[in-house]
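Chemist: sequence? don't have it. structure:
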């Protein structure tokens with residue numbers, strides 16, 4: 001039986017009983033929506049029409065059911081047994097990207113430095129944010145071109161590369177809670193660190209967008225920096241094969257790739273999943289990998305590195321769903 005999510009209370013627009021304007025996909029293969037191109041099906045996938053529609057949907061889903069919001073699925077593995085609850089696809093839906101002039105409620109910019117405020121919703125691809133900033137003569141956003149995900153995911157995990165992190169530029173975030181209410185929060189309300197973000201007072205909610213403060217500068221130089229960064233990424237990473245980016249966080253003072261390589265694991269495979277010969281912190285789908293292959297390989301790498309180096313690697317990737 002397909003659930004009826006028409007009931008609920010108004011939260012943004014107000015008035016009347018909501019009628020959802022997006023669309024559901026049932027028993028949807030999640031390999032179509034994750035960059036590893038592997039995994040089971042989702043019972044229900046919802047593609048919202050816009051932010052208001054998303055808020056209605058979230059408020060209408062019974063509390064006993066899980067909600068999973070994903071962007072490009074570039075940091076996610078769905079187990080072969082599939083995932084219950086509702087999966088919500090944000091990429092291509094929450095796509096607002098604009099220069100804004102608001103100052104109320106925000107910390108002041110650094111003295112003597114000319115800046116601008118960029119608002120980006122969660123479904124915007126991070127490389128698009130990098131190009132947008134450069135095209136508006138703003139600098140400091142170049143690193144996002146090297147992150148294969150969306151703004152929502154970058155905020156949620158404090159994504160970064162080449163010495164820069166997402167929360168270095170954030171001055172405010174917009175969230176949606178389980179009651180379907182929008183909130184605006186300042187960085188002081190979160191504990192942030194390397195690939196880690198958590199509310200100081202835990203409350204179930206999802207990042208819907210963020211305001212980023214960037215310095216005004218040479219847009220042409222920024223675009224050249226983006227090109228150089230992308231060339232470096234192409235040279236160093238196995239982008240020609242399905243992958244999820246870095247599988248593990250770098251331990252303090254070291255690199256996960258170095259530790260994995262030192263254990264002789266480059267090229268090691270389980271089923272269709274293989275540790276990349278090009279970058280040891282990448283696991284690639286050689287063409288027929290199952291989610292089980294990938295998860296077993298992740299576990300094997302963790303256990304081998306710990307046994308041989310006494311370092312327990314911490315995962316960057318998120319795994320959801322049921323084992324088959």
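Modeler: That came through fine. Just so you know, these numbers come straight off a predicted model, no measurement behind them.

Chemist: quick one, what contacts the closest residue in space to residue 90 that isn't next to it in sequence?
Modeler: Spatial nearest neighbour of residue 90, excluding adjacent residues (C-beta to C-beta, 6 or more residues apart in numbering): residue 123 at 4.1 Å. Bear in mind the C-beta positions are built from the backbone N, C-alpha and C, glycine included. Residues counted as contacts of residue 123 (C-beta atoms under 8 Å, 6 or more residues apart in numbering) are 71, 90-95, 150-152.

Chemist: now, which of these lie within helices?
Modeler: 151-152 (DSSP state H).

Chemist: ok, of the contacts of residue 123, which come out buried?
Modeler: 71, 90-91, 93-95, 150-152 (16 or more other C-beta atoms under 10 Å).

Chemist: got those residues as a markdown table, with distance to residue 225 columns?
Modeler: Shown next, in a markdown table, are these (distance: C-beta to C-beta, whole Å):
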| residue | distance to residue 225 |
| --- | --- |
| 71 | 24 |
| 90 | 28 |
| 91 | 25 |
| 93 | 30 |
| 94 | 27 |
| 95 | 24 |
| 150 | 21 |
| 151 | 20 |
| 152 | 24 |
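
Chemist: looking at those residues, which two lie furthest apart in space?
Modeler: Using C-beta to C-beta, the buried ones among the contacts of residue 123 reach their maximum pairwise distance at 93 and 151, which is 12.4 Å.

Chemist: bridge partners for residue 28, pull those for me.
Modeler: residue 42 (DSSP bridges).

Chemist: wait, doesn't it sit right on residue 46?
Modeler: No - between residue 28 and residue 46 there is no contact under C-beta atoms under 8 Å: 9.9 Å.

Chemist: run through this structure and note the low-pLDDT ranges.
Modeler: Flagging of the chain using pLDDT under 70 yields the residue ranges 1-18.

Chemist: would you map the helices across it?
Modeler: Taking DSSP H as the test, the helices found in the chain are 51-60, 126-135, 151-157, 219-236, 256-262, 291-309.

Chemist: could I get those helices as a markdown table with distance to residue 249?
Modeler: Putting these into a markdown table (distance: least, C-beta to C-beta, whole Å) gives the following:
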| stretch | distance to residue 249 |
| --- | --- |
| helix 51-60 | 30 |
| helix 126-135 | 18 |
| helix 151-157 | 10 |
| helix 219-236 | 18 |
| helix 256-262 | 7 |
| helix 291-309 | 12 |
